[in-house]
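Chemist: Give me coordinates for this.
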Amino acid sequence: MLGLFSDISNVVKILAVMIGAYLLGSIDVAILVTKIFTGKDIRTMGSGNAGFTNVMRSVGKLAGALTFIGDFLKCAIAVVLGGIVFSTMTSDTANAAEIAGYGKYLAGMCCFLGHIFPIYFKFKGGKGIVTMAALAAVINIYVFLISIATFIVTFLITKIVSISSILGSCMLVISTFLVTYFYNYKHLGAVSFEYVVTVSILTLAISATTIIKHKDNIKRLLKGEEKKLTLKKSKSTN
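Modeler: Numbers count the residues shown, from 1 in each chain. The predicted structure is shown next:
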């Protein structure tokens, strides 16, 4: 990937992808949807998190669903566009897919950061679970299925979104390395070892950031005070 920086035109494209993805990620759907539905700021309601779980609890199922879809789509769009832009940086068809992969991961990471630290909303956003899931879904369906299965199984057992998200995030890192190394690198020979290492590190950084954002949830989990998800709108926020 470092070889891409030898061409000034590539540097411009890389910066454009990073800035564009960040700005797209900064469109906080939870804040906008809640404002439309209630006229309030979701960050002053419920848990204070600008994410679909808090919107679902505090505003309602429809608002929560719209938030989920919006957060998923913005990252999916960023990832796809990142791949397209990066694919124009090389004429080597043998490496085109790998170069595009770098663009997808970089765009996804910047969109993720925009979601957590949105420039339009004083850098106070959500925790990035849905955007992280969108990144995996677009880039590697196997990684996505393993991670989402971990989330679903954990949620069915505990009914707690936070612990499901944390374990799903951890599995994202593990499955990214295992699938990329053993399937894409060793079995197919479609990517280089440098690619395996790079995307594993990027995924680790994303997952670690998500877990850190869940620090208050972790404290409540340790105390046995974390709430289970209910689909009934909270009366205290009406």
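Chemist: could you list every residue that touches the residue nearest in space to the middle of the chain?
Modeler: Per CA atoms, centre = their mean, the C-alpha nearest to the average position across the chain is that of Met132, at 1.8 Å. Remark: with contacts taken as CB atoms under 8 Å, 6 or more residues apart in numbering, Met132 is in contact with 75, 112, 169, 172, 206-207, 210. Backbone N, C-alpha and C define where each C-beta goes, glycine included.
Chemist: Check which helix or strand it maps to.
Modeler: Counting by DSSP states H and E, the element that carries Met132 is helix 129-139.
Chemist: what comes up buried for that helix?
Modeler: Neighbour counts using 16 or more other CB atoms under 10 Å place 129-139 of helix 129-139 among the buried residues.
Chemist: What values do phi and psi take at Gly125?
Modeler: Dihedral pair for Gly125: phi -120, psi -150, per degrees, to the nearest 10.
Chemist: Ignoring the adjacent residues along the chain, who's closest to it?
Modeler: Pro118 (4.3 Å; CB to CB, 6 or more residues apart in numbering).
Chemist: Cross-check the contact I'm expecting between the one you found and Ile27.
Modeler: Yes - at 7.4 Å, Pro118 and Ile27 qualify as touching, with contact defined as CB atoms under 8 Å.
Chemist: Could you measure from Leu172 over to Ser207?
Modeler: Between Leu172 and Ser207 the distance, using CB to CB, to the nearest Å, works out to 6 Å.
Chemist: When these two are compared, which one has more neighbours?
Modeler: Neighbour totals were compared for Leu172 and Ser207, and Leu172 leads with 26 against 22 (other CB atoms under 10 Å).
Chemist: Between the buried residues of helix 129-139, which sits nearest Lys228?
Modeler: Nearest to Lys228, judged by CB to CB, of these is Ile129 at 16.7 Å.
Chemist: gap between the closest one and Asp7?
Modeler: 36 Å.
Chemist: Next: Met18.
Modeler: As for Met18, its distance to Asp7 is 16 Å (criterion: CB to CB).
Chemist: returning to what we had before: how deep is the residue nearest to Gly125 tucked in, by neighbour count?
Modeler: Based on other CB under 10 Å, the number of other residues close to Pro118 is 21.
Chemist: For stretch 79-97, buried residues please.
Modeler: 79-83, 85-86, 89-90, 95.
Chemist: wait, stretch 207-214
Modeler: Of the residues in stretch 207-214, those scored as buried under the neighbour-count criterion (16+ other CB under 10 Å) are 207, 209-211, 213-214.
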